[in-house]
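K.L.:
sequence plus the predicted model coming up.
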Amino acid sequence: MRRTPIVLALLGALALTGCSSSGGQSGQNAPPATSAAAPAAGGGGDFAVITHGAPGDSFWDVVKNGAEAAGKQYGVTVTYQGDGDPAKQSQLIDQAVSEKVDGIVVSLANPDALKEAIGKAVAAKIPVVTVNSGADSSKALGAITHVGQSEDVAGRGAGEQLKTAGVTKLLCVIHEAGNVGLDQRCKGAEEILGGTVERLQVDVSNLADVTSKVTAKLQSDQAVNGVLALNPAVAVAARDAIKDAGSQAKLATFDLSADVVTAINDGEILFAVDQQQYLQGYLPITFLNLYKANLNTVGGGLPVNTGPGFVTKDNAAQVAKLAEAGTR
């Protein structure tokens, strides 16, 4: 058969594609010429985490652990600082902006007080991820996303469990003045229990006073048969207050610590609403790293929820070891 030039050309092409520099083996394992490279997993970067958590607060220690673990994984530098005074928190944000960091993570307990400082970061083209409180204000302030839980939804969930447990009058213990998220938790519980939720303002930095104030309230109003703490250290103080008052009030809390998990396992606390705060440290560093490497944003304008979940006596033993390790 006579071979036309077209056939010869095709045979020549097949011969070329059927051999390689390794002695005629097929090149089928070679990567396609048009394959795209994955975004860099690391490559350096400086990220500042600035929260309203006081030093030594067990909740924020877990957030810090999550942020530092992500920094180590991605090969970036993570600096963690916290201050419960909104003015000082704003100053820490201003300092990070002046240092030209590659991204800022900030807890938004007091959005109005932090608005100006966050605005300076956004104007400087520094991406901001907000965490924990203030989800409703995050987008308006220019953050690329928010990581946390819906506080009113979590409050309603706590209210439902307390109602099932027979609570008819609840004391909701607020430990930080001006924190919008804490009030949302109380309001959520109030939606379920009706007008039988009373707020008590305390100072988280003075736990002995917390015990004293809760004790006094339980002794003066014996109709209170439920206490909802919004912080694990406050929960332990409230547990002691219930004992001191000789009250039968049922206790629940938001957030975890090793002491809280032990108290749940011992039947002293009904449950803890778990917002998985480790993720509130870990995920923002992940998101900022992706933004720096590939301009990715997460959430589509909606918060990325880390909770709520519930830790009860049924699963407390499983969570205990994780809490002791500093990741729950």
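P.N.:
Cool, got the structure.
K.L.:
so who does the residue most central in space within the chain touch?
P.N.:
Against the mean C-alpha coordinate of the chain, by C-alpha atoms, centre = their mean, the closest residue is Gln280 at 2.4 Å. In this structure, Gln280 makes contact with 63, 66, 131-132, 147-148, 306, judged by C-beta atoms under 8 Å, 6 or more residues apart in numbering. To be clear about C-beta, it is placed using only N, CA and C from the backbone, and glycine gets the same treatment.
K.L.:
phi first, then psi, for Gly195.
P.N.:
Listed backbone geometry of Gly195 is phi -80, psi 30, with angles given as degrees, to the nearest 10.
K.L.:
and it, how far from Cys186?
P.N.:
Here the criterion is C-beta to C-beta, to the nearest Å. By it, Gly195 lies 12 Å from Cys186.
K.L.:
flag every buried residue along stretch 133-144.
P.N.:
With burial defined by 16 or more other C-beta atoms under 10 Å, the residues of stretch 133-144 counted as buried are 133-139, 141, 143-144.
K.L.:
next one: stretch 168-183
P.N.:
By neighbour count on 16+ other C-beta under 10 Å, the buried set for stretch 168-183 is 169-176, 179-183.
K.L.:
again, but for stretch 62-76
P.N.:
In stretch 62-76, residues buried by neighbour count (16+ other C-beta under 10 Å) are 62-71, 74, 76.
K.L.:
so where do the strands sit in the stretch 101-250 of the chain?
P.N.:
103-107, 128-131, 145-148, 170-174, 197-201, 226-229, 250-254 (DSSP state E, counting those that start in this stretch).
K.L.:
what angle separates the fifth one from strand 170-174?
P.N.:
Strand 197-201 and strand 170-174 are oriented at 30 degrees to each other (axes from the mean of the first three to the mean of the last three C-alpha atoms, to 10 degrees).
K.L.:
quick one: residues in contact with strand 197-201.
P.N.:
The contact list for strand 197-201, computed with C-beta under 8 Å, 6+ apart, reads 169-174, 177, 186, 189-190, 213-214, 217, 221, 224.
K.L.:
neighbours of the nearest residue to His175 once chain neighbours are set aside, how many?
P.N.:
Using C-beta to C-beta, 6 or more residues apart in numbering and skipping residues adjacent in sequence, the residue nearest His175 is Val204, 3.9 Å away. Counted with other C-beta atoms under 10 Å, the neighbours of Val204 add up to 21.
K.L.:
right, and Val204 touches Val234 too?
P.N.:
Yes: between Val204 and Val234 a contact is recorded at 6.1 Å, counting by C-beta atoms under 8 Å.
K.L.:
what touches both of those two?
P.N.:
With contacts defined as C-beta under 8 Å, 6+ apart, the residues shared by Val204 and Val234 are 175, 210.
K.L.:
before we move on, the earlier item: spit out the contact partners of the residue nearest to His175.
P.N.:
For Val204, counting by C-beta under 8 Å, 6+ apart, the contacting residues are 54, 57, 175-176, 210, 231, 233-234.
K.L.:
what phi and what psi does the backbone show at it?
P.N.:
In terms of degrees, to the nearest 10, the main-chain angles of Val204 are phi -60, psi -20.
K.L.:
just to revisit the earlier point, who has more neighbours, Gly195 and Cys186?
P.N.:
Higher neighbour count among Gly195 and Cys186: Cys186, with 25 against 7, using other C-beta under 10 Å.
K.L.:
quick check: the more buried one touching Ala154?
P.N.:
No: applying C-beta under 8 Å, one finds Cys186 not in contact with Ala154, separated by 11.0 Å.
K.L.:
shaky segments in the stretch 151-300 of the chain?
P.N.:
Low-confidence regions of the stretch 151-300 of the chain, defined by pLDDT under 70, are absent; no residue qualifies.
K.L.:
repeat the analysis, applying 90 as the threshold.
P.N.:
Within the stretch 151-300 of the chain, the set of residues satisfying pLDDT under 90 comprises 177-180, 194-195, 256-258.
K.L.:
got a pLDDT number for Ala325?
P.N.:
What the model reports as pLDDT for Ala325 is 84.
K.L.:
ok, now Pro5?
P.N.:
Model confidence at Pro5 (pLDDT) stands at 43.
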